[in-house]
Structures are given as structure tokens and as C-alpha cells.
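Enquirer: sequence and predicted structure, then a few things I'm wondering about:
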Amino acid sequence: MPLLEVKDLKVRVEEREILHGLTLTVNEGEVHAIMGPNGSGKSTLSHVIAGKPGYEVTDGQILFKGEDLLEMDPDERAAKGVFLAFQYPVEIPGVATMTFLRTALNAQRKARGESEYSTPDFLKKVREVSKSLNIPQDMLKRGVNVGFSGGEKKRNEVLQMALFEPSLCILDEMDSGLDIDALRIAADGVNALRSPKRAMVVITHYQRLLNYIVPDFVHVMSKGRVVKSGGKDLALELEASGYAQFEDAA
Amino acid sequence: MNVAVAKTGNGRAVSDLFASAEGRLPGSPAVAAVRREAFETYERLGLPHRRIEEWKYTDLRALVGEVLPLAAAPDAAALKRAAEAVKAHAIAGARKLVLVDGVFAADLSDVKALASEASLKTLRESLDKDAGLLRTASTDAVIALNAALATDGVALSIADGTQLTAPIQIIHVAAAASASAVTRSQVVVGKGARATIIESFVAAGAKTYQVNDAVIVSIGDNADVAHIRLMDDAPDAMNVSSHFVTVGANVKLNFFNMTTGAAVSRLQGFITFSGEGSELAANGVNLLQKTEHGDTTLVVDHAVPNCVSRETFRAVVDDRAHSVFQGRIIVRPDAQKTDGKMMTRALLLSDEAEADNKPELEIFADDVSCGHGATAGALDDSLLFYLKARGLPEKQAQALLIQAFVGEAIEQIADDTLREHVIGIAERWLERRS
């Protein structure tokens, strides 16, 4: 059974249809890149998978491990193993990062009927992961993302990914706002999480990110549909020729 | 027209009440005369209503209607219930002074432990000598009613230079249903003294009751005082409390109020700077649900130059509840270099929740820095979604954001034990949300 099956998905925001019948299948262990020009519906797809309010699914379905994802609240999807790394992670003043991480992890475990993480185990794990991502300990005491640089915010997303151990990671424009060094640290963090049991969907406008996170499959989106799929070479091809040809095709 | 309403409606009920209570109200004949005069003031004014500017948002005639008769002195069963409540609400390490249904309960209080650091009398004892404690410079009807009917209270005096080794917690316990507890207390903090005073209002089985409390605080020069008030009365209760605070020179006063109970409540604080170089931090949190009405009214009077006041208020209003914050800063003509600011923020958790905010700056000096700000809004959807996308169910995500919202005010409590206690009350309020 595929990990994620998006079938003929049609999505509206207010009166406007953004996705016009999108189909995508992702198996365990695979890394898929979704590329496309601005406004092609890439971020909409990621939001609908995570369950963000404000989108109306008019047709089609999303199955995750064979279950109907659209019937679940966002927190249920997270507990089932769906993780969206936000393009713009929000700042939450007054909620210490450490409190947030522990509350979220234990909420997910509780929803799955697992026991709560013990404090020493939790701290040990956070320390290990934050060290490998170059996240200083004092950052974890601050409010979630408050005063973090763009790179720190993205590393905090990767830190959560490592802690929550989701089976599907959706990275929404992870490269936006990052310089090359920050990008490399975040990408290294993501690569360390690649595993035969975990799939990733990497959404990006630019080919650059795919030099660091090398995908198994590349899909090109245009005007709310996948218009071309291929291997990692497709990204290079796009870099050379641009998106214009697909906009005409779609 | 107003006068007619006062006399035929609530005035009449209180008139009977006063006549029946008069025999058991403590004090010498001179005290009785002061009480009678106060009662006449109340009878003339009646319960405050919306046409009285200070009570515009808290119309006690509409919200409460009538004043309940004074509670009888607590019997053994009431004291037993009260003892349980005290155990549940006592702050670890604090020295307790307990008032049950408006009567000081020595057996539930830490009188002995306190004796080495502060002198303590009950209001009853202090009224044997003179009526001073019943006199306040106010024409407010509920304060007059308090003077007329106060049955007991504590008069605490902390000598110059004394550093209290433990906080003092005054616990008001309501054990009698359908009755009023009317109390008046005094706290005198000597020069250079350091003290933490906590007031807690809790119920022991009683559901519908009324509290009318007054506290007169006087703080000597160079003192350092934390004054914390935690009003967690039963959901059908009424609590109207008045504070009169006089602040000496070079004082640090950290005041915090939290409202988590009562159908109708109002804290009105009148804080006057009488010495230069003092700093006041007044912070508060209203957590209201169902149809609760919670009013915090503060008047900060900069009567002298070079004082600083900072007021930070947070209201979280759910269901059809109604929160009121009125903050007045008065800067007298001589009070140059005054620095007074207040900020109030309301979080509305339902479409029917209401928050009223009335800041008033009355500035008569020309070299001052004063300001106020206010916001009101709902929980931020983008923050809620982020938390949900990380696995927090809706209610838990809301709770985390609400805690963060009120945290800014609660964090001002310096003492760890005390702060944790206050956070615990806020958490229990969150658990009560439907």
C-alpha cells in the first residue's frame, strides 16, 4: 500500500479553484520533489494535506496509509505521522520552545496510545538532535521561534521532525529566505532523517535545494495539476529551460 | 428618581438588614455611631448602578439586585468545611490568617508563628478602642455599606525594618449559603520592611453568597511589598472588594490581582503615592467564563513627583462573560517627572464575550510621561493551526496560547512558589472551560 495517495484532488479557496484534479502517489522511503512556478498550487497541496482551514475539497481524496486523511483533524494527522515543515514558521511568544516540544510530542504519543516520554529521555533526545542541528540550548528556553533568524526557524522545524519521527515529511519551500550556509545545515538535518520507512515531499520553486536534498522523483506542477513527472534529472532540465513550456502545456 | 429607587428597592432591604445586624456588630457606642452614619450614606445612595460614572459597566442593581443578610457566625460544621478549604488553598510556607463567613478563625490561623514578625489584632479587637478603621475618604456606596456592616477582619502591623521570613496569606472562606460576609482589614508595613501579603477568596460548600471586603494598606518609606489577591469564589457568588493603599517614599510595591470566580465581581483599588521615588507595578488577570462579570478598577494617584506606575492587565473572556478594566491615572500639579503607563489586552474566546476598557489620564503637571494602550482580539488562527499541526488537540492548543497570553502578567510575581500556585489556579480555570 502506498504511504500517500492523492487522487484527482480538486480544491477551492473561497470561489476560486486552485487544484484542478491533482494525483500523486508516494511510497515509503521515497523522496519526491514538487516544483512549479508561483501560483501553481504547490503550497495549497501541502496545506490541504496538513489540514489547514480555509480550503474546500470539492472532489477527489487523500489516503494516508489507506486511511481517509480529509476526515481527520490536523492534530490527528500529526499523530498518524504527517509532518508539515512550514514555509514561514510562526512565532509564539510566551510558550517556551522546550514546553512546546514536550507538549506536542506527548500529545502525539497519547493520541497513539503510547506512554509519555520520560523527562530524562526527552531531554537527552532534544540535546542530541539540537546539537547536530547547531541549535544552542538557550534558544530552546526562548519562546517558540521568537527572535529566531530565518535559518534558526527552519532548523527548529527540522528539530521537530527529528523528535516527532513522522512517516511523511512535507517541506514547504524550505529554502525560502535562507542563505547557502543556513540551507546546507537544514538540508543536512533533513538528509539525516531519510530512511526506508519515511517519505518526503519537498516543495520548491528552485532547483538549488535539490542539490542538497536529492529526490528520487520530480514532479512539475502548473495551474493546479502535475504536468510532468520524472527522475532527478528533470529538475536540471527545468533549471535550463524554465517553467514557461509547462505553463503553455497546462 | 434615583433616590426613590434606592429607598423603595434595595434601601429598604438593607435597612432591615442593618437593624437586625446592629446587635452583633462589634465596637463601642462611638463605633456604632460611625456605622449608623455610614449606613445612612448607603441608604441614601443605594446599590451603585450604571448612571454612576464609576460603576457604568458594573450595574450592581441590575446584576445583583439585593444585598443578602449577614452570615451567622460559623458553627462547628462550617469551621470543619472551612478547614478543608484552607488546606486546599493554602500556599506552601505561608502563614495563614483565616476569616470564615466574615469572622476571624484563630484555630485555623497561624497566630503563634506570626507573632515574632508582625503584630496582629482582629478588627473586632481594634474597634474596642476607636472607629478609625471604619473611616475612609470615599463616598462610594459599597464602601459605606462595608463600614456599616463589617463584622471582622485582621489588623496587621509589620514593624520598621522587619523582613518577613514567610508570606502572610489572608484566606476568606465562604461556608454559609445565601448570606453576606462583610470584612475590613488593615495592613501597615513599617519603614524599610519587606513583606508579601496574599489575599485568597474561596468557598467551602457555599454557592450563592456575597462578599464585601475592604483593605486599608499603608506602606512606609523604603519598604518592599508584594501584594497578591486571588479571587476564586464560587461561580454564583458576588465579590466586591475595595483597596485603599498609601505608598511612602522609595517604596517598591508589586500588586497582582487574579479573578477566576464569582458571577459578579469588582476590585476597586485606590493607590496614592505620598512619598517620592516609589515604583508601583500593578498587574492583573481576569479569567471569565459562562455569564461571569469581572471588573477591575484602579485609580493610581500620583500626588507627589518622581514616582513610576506600570499597569499590565490581561482579560480572557469566554462564553457570554464580561470583563471590565477601568484604569485612572491622576497626576497632581506638583507631581512632575511622573512616569505612569498602563496596558490592557483582552482575549475574546467567543463571539458573545465582551470586554470593556476605560483608561483615564488626568494630568495636571507638565513634565510627565504617561500613556495607555489597549487591544482586544481572538486567538490567532495561524498560531492555533501551527500547534494543531504539531499534534495538539484544539482545546490543548487554545490552553497553551491562553497561558502564554496571561503569562506576561503572572511572570511579574517574583516568588517561585507563589507564581506556581497562581499558574495552578489558571490551569484549573482552563480545565473548567466547556
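Expert: Nice, thanks for sending it over. Numbering: from 1, shown residues only, chains lettered A, B, ... in the order given.
Enquirer: wait, a strand at residue B:329?
Expert: Yes - counting by DSSP: H, G, I helix; E, B strand; the rest coil, residue B:329 falls inside a strand.
Enquirer: residues in a beta bridge with it, which ones?
Expert: Going by DSSP bridges, residue B:329 is paired in beta bridges with residue B:300, residue B:361.
Enquirer: so who does it touch?
Expert: Residue B:329 sits next to B:300, B:302, B:309, B:340, B:342, B:360-363, B:370, B:372 when contact means Cβ atoms under 8 Å, 6 or more residues apart in numbering or on different chains. For glycine as for every other residue, the C-beta is placed from the backbone atoms N, C-alpha and C.
Enquirer: which residues of chain A lie near chain B?
Expert: Applying Cβ under 8 Å from any Cβ of the partner chain, one finds that chain A approaches chain B through A:50-53, A:73-75, A:77-79, A:84, A:86, A:89-90, A:92-95, A:99-100, A:103-105, A:107-108, A:111, A:143, A:160, A:164.
Enquirer: among these, which lie within strands?
Expert: A:84, A:92-95, A:143 (DSSP state E).
Enquirer: distance check, residue B:83 against chain A.
Expert: Using Cβ to the nearest Cβ, to the nearest Å, one gets 35 Å for the distance from residue B:83 to chain A.
Enquirer: ok, that residue - contacts?
Expert: Contact analysis of residue B:83 by Cβ under 8 Å, 6+ apart lists residue B:108.
Enquirer: low-confidence ranges, chain B, go.
Expert: Within chain B, the segments meeting pLDDT under 70 span B:1-15.
Enquirer: do that again at 50, thanks
Expert: Flagging of chain B using pLDDT under 50 yields the residue ranges B:1-11.
Enquirer: give me the residue from it nearest chain A.
Expert: residue B:404 (2.9 Å; Cβ to the nearest Cβ).
Enquirer: nearest residue to that residue other than its sequence neighbours?
Expert: With Cβ to Cβ, 6 or more residues apart in numbering or on different chains as the criterion, residue B:404 has its nearest non-adjacent residue at 2.9 Å, and that residue is residue A:94.
Enquirer: let me see the contact set for that neighbour.
Expert: Residue A:94 makes contact with A:143, B:403-405, B:407-408 under the criterion Cβ under 8 Å, 6+ apart.
Enquirer: what separates the residue lying closest to residue A:1 once chain neighbours are set aside from chain B, distance-wise?
Expert: Nearest residue to residue A:1, sequence neighbours excluded (Cβ to Cβ, 6+ apart): residue A:66, at 5.2 Å. Here the criterion is Cβ to the nearest Cβ. By it, residue A:66 lies 21 Å from chain B.
Enquirer: does residue A:66 touch residue A:4 like I think?
Expert: No - counting by Cβ atoms under 8 Å, residue A:66 does not reach residue A:4; the two are 10.3 Å apart.
Enquirer: any idea which element the residue nearest to the spatial centre of chain A lies in?
Expert: Most central in chain A under Cα atoms, centre = their mean is residue A:170, positioned 1.9 Å from the mean C-alpha point. For residue A:170, the host element (DSSP states H and E) is strand A:168-172.
Enquirer: and for residue B:200?
Expert: Counting by DSSP H and E, residue B:200 is found in strand B:194-203.
Enquirer: right, and the helix or strand after that strand?
Expert: Scanning forward in sequence from strand B:194-203 by DSSP H and E, the next helix or strand is strand B:209-219.
Enquirer: distance to residue A:18, neighbour count and secondary structure for the contacts of residue A:94 - can I get that in TSV?
Expert: Below are these laid out as TSV (distance: Cβ to Cβ, whole Å; neighbours: other Cβ atoms under 10 Å in any protein chain shown; DSSP: H, G, I helix; E, B strand; the rest coil):
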residue	distance to residue A:18	neighbour count	secondary structure
A:143	33	18	strand
B:403	36	18	helix
B:404	33	19	helix
B:405	33	20	helix
B:407	38	20	helix
B:408	38	16	helix
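Enquirer: how deep is the nearest residue to residue A:130 once chain neighbours are set aside tucked in, by neighbour count?
Expert: Using Cβ to Cβ, 6+ apart and skipping the chain neighbours, the partner closest in space to residue A:130 is residue A:159 (5.9 Å). Neighbour count for residue A:159, taken as other Cβ atoms under 10 Å in any protein chain shown: 22.
Enquirer: and the helices in the chain?
Expert: Picked chain A for this. Using DSSP state H, the helices of chain A run over A:42-50, A:74-80, A:97-111, A:119-132, A:137-141, A:150-164, A:180-192, A:209-212, A:233-241, A:244-249.
Enquirer: actually, chain B is the one I wanted.
Expert: Using DSSP H, helices in chain B cover B:2-6, B:12-21, B:29-45, B:60-63, B:76-89, B:111-115, B:123-129, B:141-149, B:381-389, B:394-410, B:416-432.
Enquirer: which residues touch residue B:361?
Expert: When contacts are counted by Cβ under 8 Å, 6+ apart, residue B:361 touches B:328-329, B:331, B:340, B:370-372.
Enquirer: out of those, which are buried?
Expert: Using 16 or more other Cβ atoms under 10 Å in any protein chain shown as the burial test, these include B:328-329, B:331, B:340, B:370, B:372 as buried.
Enquirer: give me the helix or strand of chain A that scores worst on average pLDDT.
Expert: In chain A, the helix or strand scored least confidently by mean pLDDT, DSSP states H and E is helix A:244-249, which has a mean of 70.
Enquirer: run through who's touching stretch B:128-137.
Expert: B:26-28, B:30-31, B:33-35, B:38, B:123, B:126-127, B:143, B:147, B:150, B:153, B:155, B:184, B:186, B:214, B:216, B:242, B:244.
Enquirer: pull the most distant pair out of the contacts of residue B:361.
Expert: Using Cβ to Cβ, the contacts of residue B:361 span at most 13.7 Å, a distance reached by B:328 and B:371.
Enquirer: ok, now which ones touch the most centrally placed residue in chain B?
Expert: Taking Cα atoms, centre = their mean, the centroid of chain B lies closest to residue B:267, which sits 4.3 Å from it. By Cβ under 8 Å, 6+ apart, the residues touching residue B:267 are B:229, B:231, B:241-243, B:257, B:259, B:284, B:295-297.
Enquirer: do the same with residue B:21
Expert: By Cβ under 8 Å, 6+ apart, the contact set of residue B:21 is B:69-70, B:149.
Enquirer: coming back round to it: weed out the non-buried ones from the contacts of stretch B:128-137.
Expert: By neighbour count, with 16+ other Cβ under 10 Å, these hold B:26-27, B:31, B:34-35, B:38, B:123, B:126-127, B:143, B:147, B:150, B:153, B:155, B:184, B:186, B:214, B:216, B:242, B:244 as buried.
Enquirer: no more questions from me, cheers.
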